[in-house]
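Visitor: I'll drop the sequence and a predicted model, then ask my questions.
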Amino acid sequence: MISNLTINSFLERNILLSKDLINDINEEEVNEILSIINEKVPNSKSLLVLNKDLLFLLKSSENIVETNWFEFEKARVMLELGKDDKIYNTFLNILNYNISPDKKEIMNSLLGDTEKNIETNNVGIEITDNKESLIVVRSYVDKYIKKREIQDFVSYYNQRFEFFRRLLKGRSELQSAISINRLKNKQDREDVAIIGMVSNKSISKNGNLIVTLEDVTGEIKIVFNKNRENLYDEASEIVCDEIIGITGVFSGSIIFANNLFFPDIPKSHELKKSPDETYAAFISDIHVGSKKFLRKEFMRFIDWINGNIGSKEQRNTALKVKYLFIVGDNVDGVGVYPGQEEHLEIKDYYEQYNQLSEILKQIRKDVKMVMCPGQHDASRLAEPQSIIMEKYAKSLYEIDNLTLVTNPAVINIHSSETFEGFNVLIYHGASFHYYISVIDKLRNNKANENPSLVLKYLLKRRHLAPTHESFAFIPDPEQDPRVINAYVDNSISKIPDFFIAGDMHHVDVNSYNNITLINCSCWQSRTDFEIKVGNMPDPCKVPIVNLMTREIKIMKFGEEDGRE
């Protein structure tokens, strides 16, 4: 048993020790445990209670996912109260995926009395015929309910820069990267490597691209020569505030670039496939309350997912859909833009959500639904958007098979005793319009009609909105919820298997380094605004993914029942 002084050393890190752990560990183990927490749970403030089974998982897993510890501990409480053990066991399932079988047996012997009362297989994972699991891996919790100050923005950008600096330093070409102020020690015409945040971008009189990079020590101008076409074309897509790596030749006060490196997604990212045939469906931009809401077509989709319409094959497929993601702009909202009331069939937020709830309640109960907000929903406009407010949408909270999350969020689905499951990144996509407007290649390739091009662009930068002005946000001085995380040293935050978005009112599917990209369709006919800007929506189409093969089909509900 450890001393009160040692217990206080954990309390100083905002970590409580469970009773079973206090009685089990000794003073000699304390430093080792604290070291493990620092290494594998860098943001230790998010971990509130450390118990015996969690400690073993932290010790045993080389690659542990970035976990929503708040939700983990809520699940633990529900387990101990005897109310719900499925969520807690799913957490353990995800955490223990990389543990060897011999250590799993040890884990079983370490489980407390509460877990031993559950039917288990080695690690306390419930054995059931129901393989459909869903767990919220990341859904933002704002711990800073206060007015933001300049220092909050400084801290926000500093921690973002440090994350990407470490990530880029993992590349062999950038391992020798130095801080900008150390360039003064370099000889003229010497090869150098640096990592910096873009603060400015311009074209010189000679047509070369000039990018200003800065770090915490200073700034330096980078020249991309127009005669090096491939490098120049790649550099032309650079935007302010993103973090990049450069190798080149140092000369005076500038660097002539030879290579450009983005954080990017590793090409070695695994293409996961489920061991059984199960489907996930993806929709967004329902816009209930709008006069343009396509109710008839949406009810046709409901009939299909319930297995009531379509060919025999289509109905069989429908009944294998076990997950439905609803990615923002679920209602049309009230007062979202000037003069909106003229376009509303329902002019009350409460009634809009009541109507939406009545529709969603008709979906069969074995379909697990996930919903995030968009700009039209009852949530703050600035990102990360909070969960849709219960004040306006109480009826949504009463749907047992609906999980409400923030925008963005990461959800793990379909994990089992032997399968890690799929990590699904959902983001409504409010920032997309900015990048289409400022990046020539996106605009020229009509990314507004092919939005997967924007998804690829942002994956390469590993950020959902890297430029400060691309969309309103609220800074968190400890983390950036819009970073698309991945491997950094020994800490791991899972690269998504799916990147799902909406907002553009166009369905588009693609892939990038084994990540499935889906931009969802809409359920609203062409609005006056879309006519004004020349946008033609692509409504009433539902991408469904066979999780066993990763094959994608587009179900169409605008012309005839369930036609593919």
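Guide: Right, received. Where do you want to start?
Visitor: now residue 306. Nearest residue, chain neighbours left out?
Guide: residue 364 (5.3 Å; Cβ to Cβ, 6 or more residues apart in numbering). All C-beta atoms are positioned from the backbone trio N, CA, C, and that covers glycine.
Visitor: the stretch 201-350 of the chain: strands as residue ranges?
Guide: 209-215, 218-224, 243-251, 254-261, 279-283, 321-327 (DSSP state E, counting those that start in this stretch).
Visitor: so for residue 354, which of the ones you listed sits nearest?
Guide: Minimum separation from residue 354 across these (Cβ to Cβ) falls at strand 321-327, 16.3 Å.
Visitor: got a list of contacts for that closest one?
Guide: Residues outside strand 321-327 that contact it (Cβ atoms under 8 Å, 6 or more residues apart in numbering): 132, 134, 278-284, 286, 305, 363, 366-372, 374, 411, 413-414, 424, 426-428, 500-502, 520, 544.
Visitor: just give me the neighbour total for residue 269.
Guide: When counting by other Cβ atoms under 10 Å, one arrives at 16 neighbours for residue 269.
Visitor: residue 515 is in contact with that one, correct?
Guide: Yes. Counting by Cβ atoms under 8 Å, residue 515 is a contact partner of residue 269 at 6.7 Å.
Visitor: center of this structure, which residue is that?
Guide: residue 425 (3.6 Å; Cα atoms, centre = their mean).
Visitor: the nearest residue to residue 348 once chain neighbours are set aside and residue 528: what is the separation?
Guide: Leaving out its chain neighbours, the residue that sits closest to residue 348 by Cβ to Cβ, 6+ apart is residue 334, at 6.9 Å. Look at residue 334 and residue 528: by Cβ to Cβ, to the nearest Å, they are 17 Å apart.
Visitor: just want to know which of these two has more residues nearby.
Guide: Neighbours of residue 334 and residue 528, each counted by other Cβ under 10 Å, are more numerous for residue 334; the result is 19 against 11.
Visitor: for the more buried one, grab phi and psi.
Guide: Per-residue torsions, residue 334: phi -140, psi 130 (degrees, to the nearest 10).
Visitor: what stretches of the stretch 451-564 of the chain score poorly on pLDDT?
Guide: Along the stretch 451-564 of the chain, the parts satisfying pLDDT under 70 run over 486-494, 559-564.
Visitor: let's see it at 50
Guide: 486-492, 560-564 (pLDDT under 50).
Visitor: that one: strands as residue ranges?
Guide: Assigned by DSSP E, counting those that start in this stretch, the strands in the stretch 451-564 of the chain fall at 498-501, 508-512, 515-519, 541-546, 552-556.
Visitor: about what we covered before: ok, the residue nearest to residue 348 - contacts?
Guide: Counting by Cβ under 8 Å, 6+ apart, residue 334 makes contact with 289, 340, 341, 344, 347, 348, 349, 352.
Visitor: let's see it at 7 Å
Guide: 347, 348, 349 (Cβ atoms under 7 Å, 6 or more residues apart in numbering).
Visitor: distance check, the second one against residue 299.
Guide: Yep, that's residue 348 we're talking about. Taken as Cβ to Cβ, the span from residue 348 to residue 299 is 21 Å.
Visitor: so which of the contacts of strand 321-327 sit within helices?
Guide: Counting by DSSP state H, those place residue 305 in helices.
Visitor: buried subset of the contacts of strand 321-327?
Guide: By neighbour count, with 16 or more other Cβ atoms under 10 Å, the contacts of strand 321-327 hold 134, 278-284, 286, 305, 363, 367-372, 374, 411, 413-414, 424, 426-428, 500-502, 520, 544 as buried.
Visitor: one step back: need the strands of the stretch 201-350 of the chain in TSV with mean pLDDT, can you?
Guide: Shown next, in TSV, are the strands of the stretch 201-350 of the chain (pLDDT from 0 to 100):
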stretch	mean pLDDT
strand 209-215	95
strand 218-224	95
strand 243-251	95
strand 254-261	96
strand 279-283	97
strand 321-327	97
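Visitor: so what's the residue nearest to the centre of the chain up against?
Guide: 408, 410, 484, 496, 498, 499, 500.
Visitor: list buried residues within those residues.
Guide: Among the contacts of residue 425, those classed as buried by neighbour count (16+ other Cβ under 10 Å) are 408, 410, 484, 496, 498, 499, 500.
Visitor: where does the third one fall, phi/psi-wise?
Guide: According to degrees, to the nearest 10, the main-chain angles of residue 484 amount to phi -90, psi 90.
Visitor: that one against residue 463, yeah?
Guide: Yes. Using Cβ atoms under 7 Å, residue 484 is in contact with residue 463, at 6.3 Å.
Visitor: state the distance from the residue nearest to the centre of the chain to residue 263.
Guide: Taking Cβ to Cβ, one finds residue 425 at 15 Å from residue 263.
Visitor: nearest residue to residue 438 in space, please, no chain neighbours.
Guide: residue 239 (6.6 Å).
Visitor: for the one you found, give me its contacts.
Guide: Contacts of residue 239 (Cβ under 7 Å, 6+ apart): 198, 438, 466, 467.
Visitor: if you rank these by neighbours, which is first?
Guide: Most neighbours among those, by other Cβ under 10 Å: residue 466, with 26 neighbours.
Visitor: closest one to residue 235 among the strands of the stretch 451-564 of the chain?
Guide: Of all those, it is strand 508-512 that lies closest to residue 235, at 20.1 Å by Cβ to Cβ.
Visitor: now residue 16: closest residue in space that isn't a chain neighbour?
Guide: Nearest non-adjacent residue to residue 16 (Cβ to Cβ, 6+ apart): residue 49, at 4.8 Å.
Visitor: hmm, I typed the wrong one, I wanted residue 254.
Guide: residue 221 (4.6 Å).
Visitor: wait, isn't the one you found in contact with residue 209?
Guide: No. In this structure, residue 221 is not within contact of residue 209 by Cβ under 7 Å, at 10.6 Å.
Visitor: who has more neighbours out of those two?
Guide: Neighbours were counted for residue 221 and for residue 209 using other Cβ under 10 Å; residue 209 has more, 20 against 15.
Visitor: how about the longest helix belonging to the chain: buried residues?
Guide: Assignment by DSSP H gives helix 150-169 as the longest helix of the chain. Under the neighbour-count criterion of 16+ other Cβ under 10 Å, helix 150-169 has 152, 156, 157, 159, 160, 161, 163, 164, 165, 167, 168, 169 buried.
Visitor: that helix to strand 254-261, inter-axis angle?
Guide: Counting by axes from the mean of the first three to the mean of the last three Cα atoms, to 10 degrees, helix 150-169 lies at 70 degrees to strand 254-261.
Visitor: now helix 150-169 and strand 243-251, what's the angle there?
Guide: 70 degrees.
Visitor: what's the burial count for residue 203?
Guide: Residue 203 sits with 11 neighbouring residues when counted by other Cβ under 10 Å.
Visitor: distance check, it against residue 345.
Guide: Residue 203 is 49 Å from residue 345, by Cβ to Cβ.
Visitor: with residue 527 instead?
Guide: Note on residue 527: its distance to residue 345, by Cβ to Cβ, is 13 Å.
Visitor: between those two, tell me which one has more neighbours.
Guide: A count of neighbours by other Cβ under 10 Å puts residue 527 above the other of residue 527 and residue 345, at 19 against 15.
Visitor: could you find the closest non-adjacent residue to the more buried one?
Guide: residue 292 (5.7 Å).
Visitor: since that was my last question, I'll sign off now.
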